[in-house]
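Asker: Give me coordinates for this.
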Amino acid sequence: MWRERSLAGLLAICAGSALAGEAALVLQAPAVYHGLRVPLAVMAQTRFADLGDLQVLNARGEPVPHAWVEESGGPMAQEHRQAVPFFKAPAAASAVDAAQQGGWIIDTRSVKGALLTLQLSVAPGTQGIYGFVLEHSSDLQRWNTLQRAAQLLSLQHQGLRLEHSSFELDGLRARYLRLRPLPGNTPPPLTRAQVVSVSHHHAAPPLQWSEPIAPSECSAQHCDYTLPRHLPLERLQWQLAAANTLAPLQLLVQYDSSAGTSAQSASRHRHRDHLKDTLKGVRSKTSPQPAAETAGVWSPLLTTTAYWLRLPEGEVHSPELTLNAGLLTRLRVQPVGGMVQLGVTPPTIRVGARPAALVFLAREPAPFRLAWGGEVSTNAITIAQLMPTRQPADALPSDTATVVIAATAPAAAASVPPQAWASSAPGPAPSRKFWLWGVLLAALALMGFMAWSLLRPSAKV
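Answerer: Model prediction:
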């Protein structure tokens with residue numbers, strides 16, 4: 001009997017090894033500590049929603065200590081809202097028409113903290129679509145692009161007032177903003193500019209977007225979308241199938257029951273929360289409900305309008321939605337008047353989230369790799385424990401590690417929804433097939449020995 005149990009245990013270990021995922025890490029430079037952003041593709045494959053199975057291994061396969069950044073218990077973020085001066089930007093010397101005007105320069109030097117949102121106002125009754133490039137600068141000489149195709153929208157259509165005049169700045173720190181008209185557009189007739197900013201802000205990692213997600217189930221009244229696992233829903237983009245489509249609708253969600261409500265799970269999720277979730281005491285937003293209380297129940301999230309219009313003034317699309325809804329499993333789109341309002345073909349969506357971030361101790365020997373899919377790791381500690389000489393106001397390590405995901409995904413990816421995640425990681429990592437073959441061959445040899453032991457005649461007494 002013990003032989004059968006041993007064989008079953010060995011097969012379970014082999015299966016667990018085959019299902020565990022890993023990716024190589026490329027270090028930016030030799031250093032004691034390295035920062036790491038966990039790609040969304042990895043987050044979606046982890047075994048636990050709180051990423052508790054994720055660990056960093058050295059060349060000997062030893063887990064090295066790591067800490068999730070953005071420790072909880074820091075100072076409460078304080079929001080500021082203020083009007084800022086704006087000026088007509090000089091037109092280019094070669095400008096021959098209004099579309100080539102220089103646009104607007106907004107002076108944000110007096111703004112406290114990091115910039116969250118730019119809110120623009122135009123005169124009442126203004127009708128038009130104003131496309132522009134949103135740029136920022138610290139010296140009025142060198143300009144960097146923040147949004148390549150922003151639109152200020154002020155229209156009346158079929159009895160509905162369509163307005164879009166608020167633009168996300170994502171924690172930017174800049175002295176000046178510039179609205180440079182896109183070709184064929186004129187500068188918007190601004191009457192006021194306001195900036196929302198926040199103190200005690202740490203720069204958020206870049207947003208990553210999913211591939212288009214089609215509905216998994218539809219009825220005449222709604223469509224349901226299965227969302228990638230373990231990813232906090234922060235942004236949403238519409239991809240409507242037909243032009244001249246407009247529908248007021250409600251979004252409902254189901255929360256991820258695997259997220260848990262333990263202190264350890266909640267702590268890890270706070271590390272990954274976007275800045276605006278920490279402002280729930282300042283801003284009038286509804287915070288996500290605990291997953292244990294809402295799992296399997298459709299909870300209202302947001303009422304909005306989805307549209308794609310081809311108007312004489314130009315073509316306009318619904319702006320991306322900022323949701324910060326937490327970990328979800330499904331999203332329901334329920335238009336007023338039923339799905340027919342969105343056309344014959346249901347829309348697809350893209351969801352955006354920010355990767356988790358950690359710091360790890362580069363304990364030799366190298367190379368290092370990121371692994372997931374096993375049991376809960378005990379190597380995650382606080383940043384104060386990991387870096388005992390670091391002061392609370394000190395910056396996090398500037399040396400970074402890049403995750404290199406292999407072109408062929410491990411078997412664990414089979415349980416992940418088929419949506420592929422865009423990744424900025426370079427080429428494929430070294431293959432794991434050699435050590436996997438070694439484990440499998442060793443298992444076969446042991447199985448053969450056990451079978452021979454079980455089948456050979458027993459010795460006579």
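Asker: Ala384 is in contact with Arg390, isn't it?
Answerer: Yes. Counting by C-beta atoms under 8 Å, Ala384 touches Arg390, with 7.2 Å between them. Where C-beta positions appear, they are placed from N, C-alpha and C, glycine not excepted.
Asker: Between those two, point out the one with more neighbours.
Answerer: More crowded of Ala384 and Arg390, by other C-beta atoms under 10 Å: Arg390, with 15 against 12.
Asker: just checking, the more buried one is part of a helix?
Answerer: No. Looking at Arg390 with DSSP: H, G, I helix; E, B strand; the rest coil, it is coil, so not inside a helix.
Asker: Next one, pLDDT for it please.
Answerer: Each residue has a pLDDT score; the one for Arg390 is 86.
Asker: how about it, what does it touch?
Answerer: By C-beta atoms under 8 Å, 6 or more residues apart in numbering, the contact set of Arg390 is Ile383, Ala384.
Asker: For it, grab phi and psi.
Answerer: Per-residue torsions, Arg390: phi -80, psi 140 (degrees, to the nearest 10).
Asker: Also Ala242?
Answerer: Torsion angles, degrees, to the nearest 10, at Ala242: phi -140, psi 150.
Asker: isn't it right next to Tyr307, touching?
Answerer: No. Contact criterion C-beta under 8 Å: Ala242 and Tyr307 do not qualify, at 11.2 Å.
Asker: Looking at these two, which one has more neighbours?
Answerer: Using other C-beta under 10 Å, the more surrounded residue of Ala242 and Tyr307 is Tyr307, with 22 against 11.
Asker: now that one, which residues is it bridged with?
Answerer: Leu246 (DSSP bridges).
Asker: do you know how far Leu116 is from Trp308?
Answerer: Between Leu116 and Trp308 the distance is 27 Å, computed by C-beta to C-beta, to the nearest Å.
Asker: whoops, Phe360 was the one
Answerer: Going from Phe360 to Trp308 by C-beta to C-beta gives 44 Å.
Asker: pLDDT weak spots in the chain?
Answerer: 1-20, 71-77, 92-101, 200-205, 258-295, 407-461 (pLDDT under 70).
Asker: Next, the buried residues of stretch 81-94.
Answerer: Under the neighbour-count criterion of 16 or more other C-beta atoms under 10 Å, stretch 81-94 has Val84, Phe86, Ala89 buried.
Asker: Which stretches in the stretch 101-250 of the chain count as strands?
Answerer: Remark: strands assigned in the stretch 101-250 of the chain by DSSP state E, counting those that start in this stretch are 104-107, 114-122, 128-137, 144-157, 160-164, 166-172, 176-181, 190-198, 208-209, 217-218, 223-226, 232-239, 245-255.
Asker: Relative to Leu323, which of these is closest?
Answerer: strand 232-239 (5.5 Å; C-beta to C-beta).
Asker: give me every residue that touches the nearest residue to Thr348 once chain neighbours are set aside.
Answerer: Take Thr348 and drop its neighbours on the chain: the residue closest to it by C-beta to C-beta, 6 or more residues apart in numbering is Pro212, 4.0 Å away. Each residue near Pro212 by C-beta under 8 Å, 6+ apart is listed here: Gln239, Thr348, Ile349, Arg350.
Asker: Can you report phi and psi for Pro212?
Answerer: Taking degrees, to the nearest 10, you get phi -60, psi 140 for the backbone angles of Pro212.
Asker: State the distance from the closest residue to Pro65 other than its chain neighbours to Arg390.
Answerer: Ranked by C-beta to C-beta, 6+ apart and with sequence neighbours excluded, the top spatial neighbour of Pro65 is Leu361, at 4.9 Å. Distance from Leu361 to Arg390, counting by C-beta to C-beta: 12 Å.
Asker: what packs against the helix or strand hosting Ala67?
Answerer: Per DSSP states H and E, Ala67 falls inside strand 66-68. Other elements packing on strand 66-68 under the criterion 3 or more C-beta pairs under 8 Å, 6 or more residues apart in numbering; DSSP states H and E are helix 263-272, strand 356-361, helix 383-386.
Asker: next structured bit after that strand?
Answerer: With elements assigned by DSSP H and E, the helix or strand that comes after strand 66-68 is strand 79-83.
Asker: List the contacts of Leu140.
Answerer: By C-beta under 8 Å, 6+ apart, the contact set of Leu140 is Ile105, Tyr176.
Asker: Distance of it relative to Thr402?
Answerer: Using C-beta to C-beta, Leu140 is found at 34 Å from Thr402.
Asker: again with Thr117
Answerer: From Thr117 across to Thr402, the span is 31 Å (C-beta to C-beta).
Asker: Could you report the neighbour count for Ser377?
Answerer: Ser377: 17 neighbours (other C-beta under 10 Å).
Asker: what residues are up against it?
Answerer: Contacts for Ser377 (C-beta under 8 Å, 6+ apart) come out as Gly52, Asp53, Leu54, Gln55, Pro63.
Asker: gap between it and Leu177?
Answerer: 43 Å.
Asker: How about Tyr307?
Answerer: As judged by C-beta to C-beta, Tyr307 and Leu177 stand 27 Å apart.
Asker: Leu25 is in contact with Asp399, isn't it?
Answerer: No. In this structure Leu25 lies outside contact range of Asp399 using C-beta under 8 Å: 11.9 Å.
Asker: more crowded one of these two?
Answerer: With neighbours defined as other C-beta under 10 Å, Leu25 and Asp399 compare such that Leu25 has more, 22 against 16.
Asker: partner strands of the helix or strand hosting the more buried one, parallel or antiparallel?
Answerer: Assigned by DSSP H and E, Leu25 belongs to strand 21-27. Strand 21-27 sits in its sheet next to strand 369-372 (antiparallel), strand 400-404 (antiparallel), going by DSSP bridges.
Asker: nearest to Leu252, of those strands?
Answerer: Across those, closest to Leu252 is strand 369-372 (C-beta to C-beta), at 30.6 Å.
Asker: Can you get me a residue count around Asn144?
Answerer: Neighbour count of Asn144, defined by other C-beta under 10 Å: 11.
Asker: With adjacent residues omitted, what lies nearest to it?
Answerer: That would be His136: by C-beta to C-beta, 6+ apart, it lies 5.7 Å from Asn144.
Asker: And the one you found, how far from Trp209?
Answerer: Counting by C-beta to C-beta, the gap from His136 to Trp209 is 22 Å.
Asker: more neighbours, these two?
Answerer: Between His136 and Trp209, counted using other C-beta under 10 Å, the more crowded position is His136 (20 against 15).
Asker: give the contact list for the more buried one.
Answerer: Counting by C-beta under 8 Å, 6+ apart, His136 touches Trp143, Asn144, Leu146, Leu172, Ala174, Tyr176, Leu177, Arg178.
Asker: Show the contacting residues for the second one.
Answerer: Read that as Asn144. Residues in contact with Asn144, defined by C-beta under 8 Å, 6+ apart, are Glu135, His136, Ser137.
Asker: doesn't Arg148 make contact with the first one?
Answerer: No. Using C-beta under 8 Å, Glu135 makes no contact with Arg148, being 9.6 Å away.
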